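Colleague: Quick one: sequence and predicted model below, then my questions.
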Amino acid sequence: MSPNRAGHDPRACDQRLTRAFTFLGKRWNGVLIGVLASGPAGFAELARAIEGISESVLSDRLNELARLGLITRTVREGPPVGVSYQLTERGESLMPVLDDLARWAGENLPDPAA
């Protein structure tokens, strides 16, 4: 089969798209980034904001997002000692994509609560 205009086999999935959905398809990653778009938040605040996420999964996802450079973890000296998370510039750069996905879902996917 001949390649299309972009030089790709039309039946082959773009590897960049595969990487993006491997990351965004991991439960809670996109949601966490979306919640942090409103500004810095502590662990307990994030746990309350995201219904259904366990504390261990939240901790794992926050560590992964920090490792990828999408969020920062800041420890505030106490008492009491506190930790907050916020998007980095790299994390904020995902927001237009997530906003577009949310808009598309609102227009094209049924609301499970309806």
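Modeller: Received, thanks. Just so it is clear, the model here is predicted, and its values are computed rather than measured.
Colleague: so where do the strands sit in this protein?
Modeller: Using DSSP state E, the strands of the chain run over 41-42, 71-76, 82-87.
Colleague: need those in CSV with mean pLDDT, can you?
Modeller: Shown next, in CSV, are those (pLDDT from 0 to 100):
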stretch, mean pLDDT
strand 41-42, 96
strand 71-76, 95
strand 82-87, 96
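Colleague: Just give me the residue right at the centre of the chain.
Modeller: Compute the mean C-alpha point of the chain, and by C-alpha atoms, centre = their mean the closest residue is residue 30, 2.4 Å away.
Colleague: Touching, that one and residue 99? I think so.
Modeller: No: no contact is recorded between residue 30 and residue 99 when judged using C-beta atoms under 8 Å, the distance being 11.1 Å. In short, each C-beta sits where N, CA and C put it, glycine included.
Colleague: what's near enough to touch the closest residue to residue 66 other than its chain neighbours?
Modeller: Closest residue in space to residue 66, ignoring its immediate chain neighbours: residue 73 at 5.3 Å, by C-beta to C-beta, 6 or more residues apart in numbering. Applying C-beta atoms under 8 Å, 6 or more residues apart in numbering, one finds that residue 73 lies in contact with 62, 66, 83, 84, 85.
Colleague: Please, a PyMOL command that selects the buried ones among the residues you listed?
Modeller: For the buried members of those, the matching PyMOL selection, counting by 16 or more other C-beta atoms under 10 Å, is:
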select buried, resi 62+84+85
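Colleague: Among the contacts of residue 73, which one sits closest to residue 56?
Modeller: Sorting the contacts of residue 73 by how near they are to residue 56, with C-beta to C-beta, puts residue 62 at the top with 10.9 Å.
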